[in-house]
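K.L.:
Just a sequence and a predicted model for now, questions to come.
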Amino acid sequence: MAEVLIVKTQEEAGAIYAQAVGEAIKANPKLVLGLATGSTPHTAYQALAKKVKDEGIDVSQVRGFALDEYAGLDPEHPESYHSVIRREVVEPVGLNPELINVPNGALETLPHAGADYDAAIEAAGGVDIQILGIGTDGHIGFNEPGSSLASPTRMKTLTEQTRIDNARFFDGDLSQVPTHCITQGVGTIMKARHLILLAFGEGKADAVAASVEGPVTSICPASALQMHPHATFIVDEAAASKLQYAQYYAWVAQNKPEWQKL
């Protein structure tokens with residue numbers, strides 16, 4: 001069973017993430033981080049940036065791999081994930097941009113871009129800590145419902161709902177949201193040593209419940225995390241509102257031994 005931590009605020013969730021990552025970097029200066037975009041991880045990155053600054057943590061050797069990228073979008077476009085990762089993670093945290101990788105969304109290289117990316121992750125020794133958000137339909141990365149739970153990094157066609165959800169990043173203009181992407185597959189994501197999934201708000205409650213307590217199924221890609229040896233869901237009370245065993249998860253968290261880290 002995945003660990004479930006129910007928090008009051010996004011800031012509390014961000015602090016938990018920052019603590020885990022900050023201590024991991026101290027133990028391994030060449031830590032490999034899996035990076036996600038979107039609004040969900042924003043407070044986590046802010047908290048990590050503060051921790052790095054306040055404690056003088058050396059992040060010069062930290063490596064990173066983004067989850068996904070839009071296909072056919074200029075990397076310099078402000079909403080490309082190359083740009084978003086640079087703006088929201090690399091610069092605030094002080095990471096070395098030369099050590100941060102984002103899938104290549106260029107149309108001419110899409111046939112082999114996925115295999116190239118998975119090879120790069122493997123060459124780096126694999127991802128140590130992967131941060132994840134979750135879609136209202138249970139998708140992780142851009143692995144839409146129906147994605148193989150063993151899938152590698154590859155091109156995917158976005159659902160209309162995902163495009164609608166992401167239109168806010170394109171001034172609300174749905175026509176500007178790409179229809180394809182390149183994304184780490186569920187199988188690739190599951191190879192990370194520690195998965196930390198964040199979810200906030202009532203709109204994510206159904207997806208969280210399906211992921212944590214529902215059957216493991218490709219219709220809810222995040223449900224694959226039930227099979228991971230070290231997966232942590234950090235959710236606020238609204239996102240946890242449909243969990244049948246929410247009280248038990250809170251009890252487990254309150255009685256966690258000191259030696260059992262996140």
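P.N.:
Noted; the coordinates are in hand.
K.L.:
Any idea which helix or strand in this protein has the lowest mean pLDDT?
P.N.:
Ranked by mean pLDDT, DSSP states H and E, the weakest helix or strand in the chain is helix 160-166, scoring a mean of 87.
K.L.:
Which parts of that one count as buried, going by neighbours?
P.N.:
162, 163, 165, 166 (16 or more other Cβ atoms under 10 Å). C-beta: built from backbone N, CA, C; applies to glycine.
K.L.:
What of stretch 128-145?
P.N.:
Buried residues in stretch 128-145 (16+ other Cβ under 10 Å): 128-135, 137-144.
K.L.:
Please name every helix or strand in contact with the next helix or strand after the least confident helix or strand of the chain.
P.N.:
Using DSSP states H and E, the next helix or strand after helix 160-166 towards the C-terminus is strand 180-183. Where contact means 3 or more Cβ pairs under 8 Å, 6 or more residues apart in numbering; DSSP states H and E, strand 180-183 is packed against strand 68-70, helix 110-123, strand 154-157.
K.L.:
Can you pull out the residues in contact with the second one?
P.N.:
Around helix 110-123, the neighbours that count as contacts under Cβ atoms under 8 Å, 6 or more residues apart in numbering are 32, 65, 71, 101, 103-106, 109, 127, 152-155, 182, 184-185, 188, 191.
K.L.:
and that helix, average pLDDT?
P.N.:
The average pLDDT within helix 110-123 is 97.
K.L.:
So which bits of that helix are buried?
P.N.:
By neighbour count, with 16+ other Cβ under 10 Å as the criterion, the buried positions of helix 110-123 are 110, 113, 114, 117, 118, 121.
K.L.:
With distance to residue 87 as extra columns, can I get these in a markdown table?
P.N.:
Output for the buried residues of helix 110-123, formatted as a markdown table (distance: Cβ to Cβ, whole Å):
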| residue | distance to residue 87 |
| --- | --- |
| 110 | 24 |
| 113 | 23 |
| 114 | 25 |
| 117 | 21 |
| 118 | 26 |
| 121 | 23 |
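K.L.:
quick one on the thing from earlier: among the buried residues of stretch 128-145, which are located in strands?
P.N.:
Using DSSP state E, the subset of the buried residues of stretch 128-145 located in strands is 129, 130, 131, 132.
K.L.:
out of all of them, which helix in this structure is the longest?
P.N.:
When every helix of the chain is counted residue by residue (DSSP state H), the longest turns out to be helix 10-27.
K.L.:
and for it, what are the contacting residues?
P.N.:
Residues beyond helix 10-27 that count as contacts (Cβ under 8 Å, 6+ apart) turn out to be 5, 7, 31, 33, 41, 43-48, 50-52, 55, 57-59, 62, 128-129, 131, 194, 196, 198, 200, 234-236, 261-262.
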